[in-house]
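K.L.:
Here is my input; please provide its structure:
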Amino acid sequence: MDGLWQYLPEYEPNNPMLFVGIAPMNVRLDAKWERVHNPLPKHEESPFFDASRRAFSDDRLFLPALELSVGDRSWPKTVEVPPALAEGVFLVLTQCQFEGGNPVTDPQAFLCQVVVGGDFQKSCNADWSIWSPRPISWVQVSFARTPAGTRMMIHAGEDGMGAQVMCELKLEDCGINPEAPYRPVIFYGTVAYTRVEDVFDRSHF
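P.N.:
Numbers count the residues shown, from 1 in each chain. All right, here's what the predicted structure looks like:
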């Protein structure tokens, strides 16, 4: 999937803007969205400990890491998500804006979370929640079954650059049914469009 994140229509900050992944064939994609618990990932590779993970809209390069209290005040405790998340594996992208709501002066960051079985709590570790100072421009997802089991690979990165997000997992190791027939799915947190490529482009790596 190739669609510039920054061109998505405006949406409420700190709420998921894009869901890309796989879900069982029999899951209703038009089901009413549900509100789920949404903990803030605050590991050592987050903007709250690593200043290089935060975006600087005013081009200042040497600002400190964000205070944890700033993130807690700005972060929604719950978010609405499609029910299909509970039965699949998705990369969830969120544009984060902290403090007073001014997109020019307030500190920002971009969050990619690998969410398995709809559990945002499990995705709070550094392997499954990746903070970036710049928006993700492309996402690639592949899924295969082999005699040794299933394999799902998720890559994402900035336009013209290599992958910033790299994750490989097996459904059977994640508590997801490995035998079900799956299909690729894209949900938006707002009305938008994108271009979907059915060829895995390895030139990004």
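K.L.:
looking at it, Gln121 is touching Pro39, isn't it?
P.N.:
Yes - taking Cβ atoms under 8 Å as the definition, Gln121 is a contact partner of Pro39 at 5.5 Å. Just so you know, the C-beta spots here come from the backbone N, C-alpha and C atoms, and that holds for glycine as well.
K.L.:
count of residues packed around the residue nearest to Leu85 when sequence neighbours are not counted?
P.N.:
The shortest distance from Leu85 to any non-neighbouring residue, by Cβ to Cβ, 6 or more residues apart in numbering, is to Gly118 (4.0 Å). Residues near Gly118, counting by other Cβ atoms under 10 Å, number 19.
K.L.:
What separation is there between Gly118 and Arg53?
P.N.:
For Gly118, the distance to Arg53 equals 25 Å [Cβ to Cβ, to the nearest Å].
K.L.:
go on, Arg28?
P.N.:
Per Cβ to Cβ, Arg28 is found 37 Å from Arg53.
K.L.:
In contact with the residue nearest to Leu85, which residues are there?
P.N.:
Taking Cβ atoms under 8 Å, 6 or more residues apart in numbering as the criterion, Gly118 is in contact with Val36, Val81, Pro83, Leu85, Ala86, Glu87.
K.L.:
Can you pull the phi/psi pair for it?
P.N.:
phi 70, psi 10 (degrees, to the nearest 10).
K.L.:
now do Lys122
P.N.:
phi -70, psi -30.
K.L.:
from memory it sits against Val116, does it?
P.N.:
Yes - judged on Cβ under 8 Å, Lys122 makes contact with Val116 at a distance of 6.4 Å.
K.L.:
Tell me which of these two has more neighbours.
P.N.:
More neighbours surround Val116 than the other of Lys122 and Val116, with 23 against 17 (other Cβ under 10 Å).
K.L.:
Please name the residues that touch the more buried one.
P.N.:
Contacts of Val116 were listed using Cβ under 8 Å, 6+ apart, and they are Val89, Lys122, Ser123, Trp128, Leu169, Cys174, Gly175, Ile176.
K.L.:
And Val20, by the same measure?
P.N.:
Met1, Phe90, Leu91, Leu93, Val139, Val141, Pro184, Val185, Ile186 are the contacts of Val20 under Cβ under 8 Å, 6+ apart.
K.L.:
Name the SS class of it, please.
P.N.:
strand (DSSP: H, G, I helix; E, B strand; the rest coil).
K.L.:
From Leu68, how far off is it?
P.N.:
Using Cβ to Cβ, one gets 29 Å for the distance from Val20 to Leu68.
K.L.:
What of Pro181?
P.N.:
Using Cβ to Cβ, we find Pro181 at a distance of 43 Å from Leu68.
K.L.:
Who has more neighbours out of the two?
P.N.:
The residue with more neighbours, out of Pro181 and Leu68, is Leu68; 13 against 8, by other Cβ under 10 Å.
K.L.:
What is the subsequent helix or strand relative to the lowest-mean-pLDDT helix or strand in the chain?
P.N.:
Within the chain, no helix or strand scores below strand 163-169, which has a mean of 83 by mean pLDDT, DSSP states H and E. Helices and strands here follow DSSP states H and E; after strand 163-169, the next one along the chain is strand 182-188.
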